[in-house]
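Colleague: need a structure here:
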Amino acid sequence: MKTRLIKSRLVTMAILVVILGLLAACGAAQPETVTVVETVVVEKEVIKEVEVEKEVVKEVEVEKEVEVEVVVTATPEPGGGQIVYALYQEPQIMNPFIATQTAAGEAYVPVIEGLVGVDPDGNFYPMLAKEVPTVENGQVSEDGLTITYNLKEDILWSDGQPFSCDDVVFTWEAITHPESGAVSTSGHDKIESVECPDDLTVVVTYAEFYAPYLTVFSNVSNNGIVPRHATGDPVDMQKWVFNWHPIGTGPFKIQEWVSGDHITYVPNENYRDYPDKPGIDKLIIRIIPSREVGKALIRTGEIDILWDLIEADVPEFEAMEDIVVNSKPGPGTERLVLNLADPELDATDDPVNNPHWALGDLRVRQAIQLGIDKAFINEVLLFGLAKVGTNELNNGWAVVELPASPYDPDQAMALLEEAGWTDEDGDGVRECNGCLYAEAGRPLKLKIQTTTGNKLREEAEQVLLEMMADVGIELFIENVPSSVLFGSWASGAFRKHGQYDILMYTTSDSVDPQSQIKGYFHMDSMPTEANSDSGFNYSRWVNEEFSALVDQAGSTPDMEHRREFYRQAMEILSAELPHIYLYDRSDIHLSRSRVQGFDVNPWGNQTWNTADWTVSE
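Modeller: Model (predicted):
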């Protein structure tokens, strides 16, 4: 079969691994006190939707003038009671409200905590709060507008000052101050008031119900609690000394930061579980120039943890006894986005009466899915490290478990025959002979598009072309730069305006999926001229029952009810196929076998549980 030829070719490509080695050393020097004056470009996200390929930013220039002691030493060596964690990006800043790099979160999370946290399964757990507020425990009002947090007693900041409700009030004030420059005010801007009946009780009142209310004062998505006494006026947030020397309640505090080389953390002796935790004497974040350099350094044992790998990196480490491949399915899912509306029309708001000439027929969409061997794609292109995609909610507290679609080309061909797509001329490509929407004789030829320069996607496209050819569908590729695929409404981007057949890319849920589910699939979320591009239902799929379920899920604080609404909605989505889910991407990180307690968290930063890290020699 053609797919077997593909497999042979792709396996050959997969074993071509280039190993780069680079060892670096830094000589010792005397400590010096310097005044740092620099212009920092803070990338401020203004995105309305979360997509791996798209990031819309605006740049804000700020000046910081800080007197700091810079201790230049040799790069610390691993061993003993310390762990060296390598990042190939240097954190620019340690303030969660203005940081934009993922790497910055890896650096500040051991120091800065939230009232609640999110574990690897997407469940919330108490951090500075005694318990997670719920309707059941009486800390969430029936209408979801009032949330009460009971704070743990005797919590101290790392400088020894007491933590109290007033710090939560200040955090809200700082984020929502119009001149603070906070990257995101999502959720905080829905709050009407934050009040303190006493030092250990926080009462948050929302002006309107906000479904992801638990994320607002959590430790994910540019959140956390900061101290009023150790920061400053919100107007001056960009210049706070805190930004480079944070005071927190977490298990560690920063001892030194040698720019371009490393950040050293030592245990916070005021941490609530000290001296039992943290379990190591020192945490060192080492800054490296690239992932490839990190791969060489973890082989030699110069680093203990290497952050953020891709599936193609894994085979060379799987057989190494002293290196552990830590992998978990993440919330990002690679999918085919199918256009159900007439692609000749510009952003139609009536796709039911203006269907796509082929994809408007559910049987054609079903045939495409049945003709795709998803397990083959996972095993060959992703080394078996991904999970076959089934629906939008593949992970987290609202996860919906649905069976994977079977690979059944015979059933695919039978559905196409039933739908009036037959190959009368014997050229291998089906034509419309009694189909619903196309003119007679039109060949079943569809355009597939993704981002240029992405090797994995280009290989996947070739596999899909062959698989579709096996059932009589001709795909042709017309890839474009990411700036074109994810372009704006004003630029005339074809995705926004509904002028395409099939798109392929990854998009991700956040720990609370409401905005993603409503944005991508609600019948009122189709981008049109009338709604000023408010929504990203690019499939232009209309299903009233589904939309009603999503509205219900977004209107109640009862998590069990929300789960049930999402479950019913995913069953409808899986049956109607506006998207075909190929595979769930994995979060992959390497660690030396001496490291204990490292637990991949797809919802947050990998330093989320540094208090539990230990080493065994």
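Colleague: and stretch 505-525, which residues are buried?
Modeller: Buried residues in stretch 505-525, counted by 16 or more other Cβ atoms under 10 Å: 505-523, 525. In this view, the C-beta of every residue, glycine as well, is placed from N, C-alpha and C.
Colleague: Send me it as PDB with only the CA atoms.
Modeller: Taking Å, rounded to 0.1, in the frame of the first residue of the first chain, the C-alpha atoms of stretch 505-525 are listed here in PDB:
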ATOM      1  CA  TYR A 505      -2.800  23.700  13.200                       C
ATOM      2  CA  THR A 506      -2.700  23.400  17.000                       C
ATOM      3  CA  THR A 507      -4.800  25.300  19.400                       C
ATOM      4  CA  SER A 508      -5.000  24.800  23.100                       C
ATOM      5  CA  ASP A 509      -7.500  25.000  26.000                       C
ATOM      6  CA  SER A 510      -6.600  26.800  29.100                       C
ATOM      7  CA  VAL A 511      -7.300  25.200  32.500                       C
ATOM      8  CA  ASP A 512     -10.800  26.500  32.300                       C
ATOM      9  CA  PRO A 513     -12.100  25.700  28.800                       C
ATOM     10  CA  GLN A 514     -15.100  27.900  28.500                       C
ATOM     11  CA  SER A 515     -13.600  30.700  26.300                       C
ATOM     12  CA  GLN A 516     -12.000  28.200  24.000                       C
ATOM     13  CA  ILE A 517     -15.200  26.000  23.600                       C
ATOM     14  CA  LYS A 518     -17.500  29.000  23.100                       C
ATOM     15  CA  GLY A 519     -15.100  30.900  20.900                       C
ATOM     16  CA  TYR A 520     -14.400  28.000  18.500                       C
ATOM     17  CA  PHE A 521     -17.700  26.300  18.200                       C
ATOM     18  CA  HIS A 522     -20.700  28.500  19.500                       C
ATOM     19  CA  MET A 523     -23.000  29.400  16.700                       C
ATOM     20  CA  ASP A 524     -22.700  33.100  17.600                       C
ATOM     21  CA  SER A 525     -18.900  33.000  17.400                       C
END
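Colleague: quick one: which of the buried residues of stretch 505-525 sit in strands?
Modeller: Among the buried residues of stretch 505-525, the ones falling in strands (DSSP state E) are 505, 506, 507, 508.
Colleague: least confident pick among those?
Modeller: On pLDDT alone, residue 508 ranks lowest of these, at 84.
Colleague: Would you agree it is in contact with residue 333?
Modeller: Yes. Under the criterion of Cβ atoms under 8 Å, residue 508 is in contact with residue 333, at a separation of 7.4 Å.
Colleague: residues touching the closest residue to residue 531 other than its chain neighbours, list them.
Modeller: Distances taken as Cβ to Cβ, 6 or more residues apart in numbering place residue 524 nearest to residue 531, at 7.9 Å, with adjacent residues excluded. With contact set as Cβ atoms under 8 Å, 6 or more residues apart in numbering, residue 524 has these partners: 531, 535, 547.
Colleague: In this structure the second one contacts residue 519, no?
Modeller: Yes. Contact criterion Cβ under 8 Å: residue 535 and residue 519 qualify, at 5.9 Å.
Colleague: any shared contact partners between these two?
Modeller: Common neighbours of residue 535 and residue 519 (criterion: Cβ under 8 Å, 6+ apart): residue 525.
Colleague: still on that earlier bit, now, the contacts of residue 524 that are in helices?
Modeller: Using DSSP state H to define helices, the subset of the contacts of residue 524 located there is residue 547.
Colleague: closest to residue 273 among the contacts of residue 524?
Modeller: When the contacts of residue 524 are ranked by distance to residue 273 (Cβ to Cβ), residue 535 comes first, at 45.3 Å.
Colleague: Spatially nearest residue to the closest one, not counting backbone neighbours?
Modeller: What sits nearest to residue 535 in space, not counting adjacent residues and going by Cβ to Cβ, 6+ apart, is residue 525, at 3.0 Å.
Colleague: Residue 595 too?
Modeller: Once flanking residues are discounted, residue 595 sits nearest to residue 304: 5.2 Å by Cβ to Cβ, 6+ apart.
Colleague: which ones are touching that neighbour?
Modeller: Residue 304 neighbours (Cβ under 8 Å, 6+ apart): 78, 83, 84, 85, 298, 591, 592, 594, 595, 615.
Colleague: Considering these, which possesses the most neighbours?
Modeller: Neighbour counts for these, by other Cβ atoms under 10 Å, peak at residue 83, which reaches 30 neighbours.
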